[in-house]
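S.K.: Kindly generate the corresponding structure for this input.
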Amino acid sequence: MKRASRHFAIALLLLAGAVLAGCGEHVPALPKLAPGDVVLAFGDSLIYGTGARSGESYPEVLSALIGRDVVSAGEPGEQTAAGMDRLDDVLDIYEPVIMLLCLGGNDMLRKVDPSVIEANLRLMIDNARGRGVGVLLIGVPKPALFAGTAEFYERIAEDLSLPFEGDALNDILRDNAYKSDPNAQGYRKLAEAVAKLLQRAGAL
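M.R.: Just a heads-up that it's a prediction; the model follows:
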């Protein structure tokens, strides 16, 4: 009995260690946000809030969750090439401390070469970071059913050491309960995932 109890205790310790190891997964750091700092949500219709009523869009919900001004800089239908063209002006106007980048879905719908999408995203990230702006990258799923998030998002995040949210949009856009583009529940789910990642990255 004593030996069995000892084995059981060891098993519990190993399990606890595994859980702690998972909780301690490294997340690249972001700048710490002061109360008056601006967070920029940059992207397409997912950022603009298509289908959401006032107060329900992802930037608005995120702002309430983190207690900071989250500027919505979303353009419905935008592709990464157009995003590159307007990013400088947006950064000049709002002077954000952190940019939440979510772009590329419209490129994939129009069958733009993935290498071009990746290159454009990298240029936008380099532009923002060159100004001292921290960047959090949000992955977008491929248009094909059950295809998952496009692989180049994770590659970019790993190469450039960015906090990366790669699951939320894939889960939302594959679940009818959250759909519209997405609906209010979907936008909240995305905002909650990003808020959690901001906290893990040390921004909050």
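
S.K.: and residue 188, what does it touch?
M.R.: Neighbour list for residue 188: 56, 58, 61 [criterion: CB atoms under 8 Å, 6 or more residues apart in numbering]. Every C-beta, even on glycine, is put in place using the N, C-alpha and C of the backbone.

S.K.: Closest to residue 144 out of those residues?
M.R.: residue 58 (23.5 Å; CB to CB).

S.K.: For that closest one, what are phi and psi?
M.R.: When quoted as degrees, to the nearest 10, the phi and psi of residue 58 stand at phi -60, psi -50.

S.K.: for the chain, what spans make up the strands?
M.R.: Ranges of strands within the chain are 38-43, 69-74, 98-102, 134-138, 164-165, based on DSSP state E.

S.K.: about what we covered before: and which of the contacts of residue 188 is nearest to residue 83?
M.R.: residue 58 (16.8 Å).

S.K.: Now do that closest one: how many residues are near it, please.
M.R.: 34 (other CB atoms under 10 Å).

S.K.: again with residue 64
M.R.: Count around residue 64 with other CB under 10 Å applied: 14.

S.K.: Excluding chain neighbours, what is closest to the residue nearest in space to the middle of the chain?
M.R.: The centroid of the chain falls nearest to residue 138 when counting by CA atoms, centre = their mean (2.9 Å). With CB to CB, 6 or more residues apart in numbering as the criterion, residue 138 has its nearest non-adjacent residue at 3.9 Å, and that residue is residue 102.

S.K.: For residue 173, report the pLDDT, please.
M.R.: The per-residue pLDDT reported for residue 173 equals 74.

S.K.: The nearest residue in space to it that is not next to it in sequence and residue 63: what is the separation?
M.R.: Excluding the flanking residues, the one nearest residue 173 by CB to CB, 6+ apart is residue 141, at 5.7 Å. According to CB to CB, to the nearest Å, residue 141 stands 25 Å off from residue 63.
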